[in-house]
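> sequence unknown, structure follows:
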Ligand SMILES: Nc1ncnc2c1ncn2[C@@H]1O[C@H](COP(=O)(O)OP(=O)(O)O)[C@@H](O)[C@H]1O
Ligand SMILES: [Mg+2]
């Protein structure tokens, strides 16, 4: 880890990627307005510009309600942008969803309770008509990848929270997506399980080479995992800063990184970007 | 283990309830005034003489004797079992037809929000039509049906009425079940680009099982009640409902005889509910609940 760069806010479409492959995600001037009761509106996102390169790990961080989940949902085509453009691997978000370009994991694991670990992981493959033999092979690979070999025929209610989350991650990886979308996947786990899961996520990402967009509200988690940390502010949700977390030569994301002085520099940079965001005048609650 | 324990407790409490009922019968018969209890000229408790309230053992004894004095007449209990099985068969057909219709209606209502708003009030209204009014209509309409070798039988009218009562709890329960999946699961299916049908098969139907099983049990009980009542109002012979009425008519001369088919009808309801519970055993894993991490 060498140095930490903090870009100013919007327009920070850095790391644009090479001209050869399209960016994993390319968002230009995107906004999202929710219509709520009686003509009132919630401006959840405004002026969002963000580019994520293939294989890059990007975290979204910000106070609760600043639109992190909404941004992720725009990328996943679970919600539609009210303005601007969201491209995933050069296609519209909708087309990318139809083409299964991404895998997704939420804060709660969302496993189907009547399916075993293995059957849960096979679900997306089954839905897309992959044959039985191939499904089994792939599920076995993934079960090994997330370290649940002894639990493959267990049911979700027989697993701890951390194990359930691993199954969810394995399920998200089932179709070898080049993009992984994760919304606070470790948010409900205890600190120790959480750090172990972070470590495993680093390993899994290295093995799969997928780009990741990771929503969190933990600064150390964001810094530990990410190549870049995107800092957001609420009402309306905007990007107020992007913190680069470059690893120096010979540094890797192991437990030792948490003790690295560069790690603390980056943590401080993220914290300052978070708190330096323009304060909302009292009484100007837009909701 | 706990669930099996809970079930045997339920059986125990059921038995205790039956014993209390029997004790009340004999207790009132022993202690109550033989002319019954009247309040403001209204009889509120029955007379306690042997004609109005035969002893329990008299009922059991009568059940072991032949139905009537004609030669080769079977004992009452055997006749009751035969009639009960006959009714069970008719009720089962009605239950199956009603359940399928109920499930299809639920799927339709889930698929089309408009259908839910348009159909649900009619379903509720349908259950308020008295059976007594319905039975003659169905018999009359059925009588007009004649397609090739197929002709309408009286038992079919009974089954239709049973189905008419059974479909309602199934439709309501299945609809609740089909609508039960969480947003997270629905969005997951959307992220897989799974259409309505795939979502129905992989998510909504399995998720509806915990709602569907009690609904099917309720439907079975309704089908039995419907069958017993419809047998009487359509004039179908051979079932337990008809037998209850026939035996009750010999009331004054042979009061103990009427109770065997009544007991038979109660047991029939229990057997029907038990059969549906067996169905639930095969679907056990769908009863697993999601536990949050
Ligand atoms: N479906 C919706 N309808 C109305 N408002 C919404 C909806 N989803 C999110 N919001 C609002 O948008 C803002 C951002 O929400 P969200 O993206 O969930 O924030 P975060 O994930 O950062 O906590 C919040 O003010 C929230 O109330
Ligand atoms: Mg959120």
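Received it, and whenever you're ready, just let me know what you need. All figures in this text were calculated on a predicted structure; none of them were measured in a lab. Ligands and ions are numbered 1, 2, ... in the order given.
> Around chain A, which positions in chain B sit nearby?
Residues of chain B lying close to chain A (CB under 8 Å from any CB of the partner chain) are B:182, B:184-185, B:187-194, B:198, B:202-203, B:206, B:209, B:285-286, B:288-293. C-beta here means a position set from N, CA and C on the backbone, and glycine is covered the same way.
> ok, 10 Å please
Counting by CB under 10 Å from any CB of the partner chain, chain B comes close to chain A at B:181-195, B:198-199, B:201-203, B:206-207, B:209-210, B:283-293.
> How much space separates the closest residue to residue B:196 other than its chain neighbours from chain A?
The shortest distance from residue B:196 to any non-neighbouring residue, by CB to CB, 6 or more residues apart in numbering or on different chains, is to residue B:111 (6.7 Å). As for residue B:111, its distance to chain A is 19 Å (criterion: CB to the nearest CB, to the nearest Å).
> Mind giving me the PyMOL command for buried ones among the residues of chain B next to chain A?
Selecting only the buried entries of the residues of chain B next to chain A in PyMOL, with 16 or more other CB atoms under 10 Å in any protein chain shown as the criterion:
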select buried, chain B and resi 181+185+186+187+188+189+190+191+192+193+194+199+202+203+206+207+209+210+286+288+290+291+293
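> Give me the subset of the residues of chain B next to chain A that also touch ligand 1.
On the criterion CB under 6 Å from any ligand atom, none of the entries of those sits beside ligand 1.
> and residue A:150, what is it in contact with?
A:117, A:143 (CB atoms under 10 Å, 6 or more residues apart in numbering or on different chains).
> Quick check: pLDDT value at it.
For residue A:150, the model assigns a pLDDT of 91.
> for residue B:45, same thing?
In this model, residue B:45 is scored at 78, pLDDT.
> For it, grab the count of nearby residues.
Residues lying near residue B:45 (other CB atoms under 10 Å in any protein chain shown) number 12.
> got a list of what residue A:209 touches?
Residue A:209 touches A:54-55, A:176, A:178, counting by CB under 10 Å, 6+ apart.
> The stretch 51-200 of chain A: helices as residue ranges?
Under the criterion DSSP state H, counting those that start in this stretch, the stretch 51-200 of chain A carries helices at the ranges A:68-75, A:93-98, A:117-127, A:132-145, A:161-173, A:191-208.
> now swap in chain B and tell me
B:2-31, B:56-64, B:76-111, B:113-126, B:131-144, B:154-178, B:183-191, B:196-199, B:205-234, B:240-249, B:259-282 (DSSP state H).
> I'd like to know which of the ones you listed is closest to residue A:225.
Nearest of the helices of chain B to residue A:225, taken as CB to CB: helix B:183-191 at 21.9 Å.
> Return the distance of the closest one from the chain's centre.
Mean-position distance between helix B:183-191 and its chain equals 38 Å (CA atoms, centre = their mean, to the nearest Å).
> Kindly report the same for stretch A:245-260.
That offset, for stretch A:245-260, works out to 20 Å (CA atoms, centre = their mean).
> Identify each buried residue in that stretch, please.
Those would be A:245, A:253, A:257, for stretch A:245-260 by 16+ other CB under 10 Å.
> so which of those comes closest to ligand 1?
Nearest to ligand 1 out of the buried residues of stretch A:245-260 is residue A:245 (CB to the nearest ligand atom; 20.6 Å).
> Spit out the contact partners of the closest one.
Taking CB under 10 Å, 6+ apart, we find residue A:245 in contact with A:1, A:4-5, A:57, A:59, A:222-229, A:253, A:257, A:262-263, A:265-267, A:269-270.
> Can I get the buried ones among the residues you listed as something I can paste into ChimeraX?
Burial among those is assessed by 16+ other CB under 10 Å; the matching ChimeraX selection reads:
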select /A:1,4,57,59,222,223,224,225,226,227,228,229,253,257,262,263,265,266,267,269,270
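> circling back: pipe the buried residues of stretch A:245-260 into JSON lines and attach distance to residue B:140 and secondary structure per row.
What follows is the buried residues of stretch A:245-260, written out as JSON lines (distance: CB to CB, whole Å; DSSP: H, G, I helix; E, B strand; the rest coil):
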{"residue": "A:245", "distance to residue B:140": "82", "secondary structure": "coil"}
{"residue": "A:253", "distance to residue B:140": "80", "secondary structure": "coil"}
{"residue": "A:257", "distance to residue B:140": "84", "secondary structure": "helix"}
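> Take those residues and write them to a markdown table, including pLDDT and distance to ligand 1.
Output for the buried residues of stretch A:245-260, formatted as a markdown table (pLDDT from 0 to 100; distance: CB to the nearest ligand atom, whole Å):
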| residue | pLDDT | distance to ligand 1 |
| --- | --- | --- |
| A:245 | 82 | 21 |
| A:253 | 78 | 25 |
| A:257 | 76 | 26 |
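> how about a markdown table for the residues you listed, with distance to residue A:205 added?
Below are the buried residues of stretch A:245-260 laid out as a markdown table (distance: CB to CB, whole Å):
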| residue | distance to residue A:205 |
| --- | --- |
| A:245 | 14 |
| A:253 | 9 |
| A:257 | 15 |
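> and of the residues you listed, the nearest to residue A:22?
For those, the minimum distance to residue A:22 (CB to CB) is 23.9 Å, reached by residue A:245.
> May I have the phi/psi pair for the closest one?
Note on residue A:245: its backbone torsions stand at phi -120, psi 70 [degrees, to the nearest 10].
> How about it, nearest residue that isn't a chain neighbour?
Sequence neighbours aside, residue A:266 is the residue nearest to residue A:245 in space, at 4.8 Å (criterion: CB to CB, 6+ apart).
> one step back: select only the buried ones of the contacts of residue A:209 in PyMOL?
Buried residues among the contacts of residue A:209 (16+ other CB under 10 Å), as a PyMOL selection:
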select buried, chain A and resi 54+55+178
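> possible to save the contacts of residue A:209 as a markdown table with pLDDT and distance to residue B:174?
A markdown table is the format used below for the contacts of residue A:209 (pLDDT from 0 to 100; distance: CB to CB, whole Å):
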| residue | pLDDT | distance to residue B:174 |
| --- | --- | --- |
| A:54 | 90 | 46 |
| A:55 | 88 | 47 |
| A:176 | 87 | 37 |
| A:178 | 90 | 40 |
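> Now tabulate the contacts of residue A:209 in TSV and tack on distance to residue A:44.
Formatted as TSV, those follow (distance: CB to CB, whole Å):
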residue	distance to residue A:44
A:54	27
A:55	29
A:176	32
A:178	27
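> check contacts around the residue nearest to the spatial centre of chain B.
For chain B, residue B:221 is the residue whose C-alpha lies nearest the centre (CA atoms, centre = their mean; 1.9 Å). Residue B:221 is in contact with B:91, B:95, B:165-166, B:169, B:269-270, B:272-273, B:276, counting by CB under 10 Å, 6+ apart.
> re the thing from before, my guess is the residue nearest to residue A:245 meets residue A:229, correct?
Yes - the criterion here is CB atoms under 10 Å, and residue A:266 meets it with residue A:229 at 7.5 Å.
> Verify the contact between residue B:198 and residue A:124 for me.
No - if you go by CB under 10 Å, residue B:198 and residue A:124 don't touch, sitting 11.2 Å apart.
> what do the two both touch?
If you check residue B:198 and residue A:124 against CB under 10 Å, 6+ apart, the residues they both contact are B:189, B:192.
> in chain B, which segments are predicted with low confidence?
The model of chain B has pLDDT under 70 over residues B:1-5, B:251-252, B:290-293.
> Find the closest residue to ligand 1 in it.
Closest approach of chain B to ligand 1 (CB to the nearest ligand atom) occurs at residue B:183, with a separation of 10.1 Å.
> returning to that earlier point: for residue A:183, which of the helices of chain B is the nearest?
helix B:183-191 (10.1 Å).
> Report all helices and strands that that closest one contacts.
On a contact count with 3 or more CB pairs under 10 Å, 6 or more residues apart in numbering or on different chains; DSSP states H and E, helix B:183-191 meets strand A:102-105, helix A:117-127, helix A:161-173, helix B:196-199.
> just the ones you listed: most buried one?
Stretch with highest mean neighbour count among the helices and strands packed on helix B:183-191: strand A:102-105 (a mean of 26; mean count of other CB atoms under 10 Å in any protein chain shown).
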